[in-house]
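Engineer: pasting a predicted model and its sequence here:
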Amino acid sequence: MREHEIPVKTEVGQREVGERRRSLPPHARTVLIAINGTQTLAELRDGFRAFADFDTIMIRLIAEGLVQARPADESAGAAVSAEVLRAKQLMTESVAAAYGLRGITLTLRLERSSSAAELAALLPDFQRALTKARGAEFAAAIVARANALLDTAALPR
């Protein structure tokens, strides 16, 4: 996640705040609750400067699919379609479920992607990772769903 991007809770992250199903450490839970979709990563880091493990916490929240990035200024770049966001969330959550924190490198690459083309470029690595972790049939099904979302995003409106 880049400094100027805004962390936002995913649907999974919003549920976690209320349901407390994961055993998040107290600092991680505090950061998750504080994420409100208005502050950039840099602003949050400044607010939590007392937490020496802030960056590690953010990596964990992203890897577990609780938080994702949104550009700070939507007008500065092309608006991201709902299909691209769904594909990104599907891919990120799949890697997190298959690998947990061990999949952080691919998770971070997915989080940095902001277009259908960037996500499509990651599909071969994504499929290899899922095949290794969960088998070819599982990987093919998830990749097909991600492809369908990305194809829909590429259609002219």
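Structural biologist: Looks like it arrived, so ask away. Numbering: from 1, shown residues only.
Engineer: nearest residue to the residue nearest the centre of the chain in space, please, no chain neighbours.
Structural biologist: In the chain, the C-alpha nearest the mean C-alpha coordinate belongs to residue 68, at 4.1 Å (Cα atoms, centre = their mean). Taking Cβ to Cβ, 6 or more residues apart in numbering as the measure, residue 68 lies nearest to residue 10, with 5.5 Å between them; neighbours along the chain are not counted. From N, CA and C alone the C-beta is placed, and that goes for glycine too.
Engineer: and residue 27, by the same measure?
Structural biologist: Nearest residue to residue 27, sequence neighbours excluded (Cβ to Cβ, 6+ apart): residue 51, at 5.3 Å.
Engineer: quick one: the one you found from residue 57, how far?
Structural biologist: Taking Cβ to Cβ, to the nearest Å as the criterion, residue 51 is separated from residue 57 by 7 Å.
Engineer: name the nearest residue to residue 15, sequence neighbours excluded.
Structural biologist: If the residues on either side of it in the chain are set aside, residue 15 comes closest to residue 21, at 7.7 Å by Cβ to Cβ, 6+ apart.
Engineer: one step back: the residue nearest to the centre of the chain against residue 92, yeah?
Structural biologist: Yes - proximity of residue 68 to residue 92 meets the contact threshold set by Cβ atoms under 8 Å, at 6.8 Å.
Engineer: mutual contacts of these two, please.
Structural biologist: Between them, residue 68 and residue 92 share the neighbouring residues 62, 111, with contact defined by Cβ atoms under 8 Å, 6 or more residues apart in numbering.
Engineer: packing partners for the helix or strand hosting residue 144?
Structural biologist: Per DSSP states H and E: residue 144 is located in helix 136-154. Using 3 or more Cβ pairs under 8 Å, 6 or more residues apart in numbering; DSSP states H and E as the contact criterion, the secondary-structure elements in contact with helix 136-154 are helix 82-99, helix 116-134.
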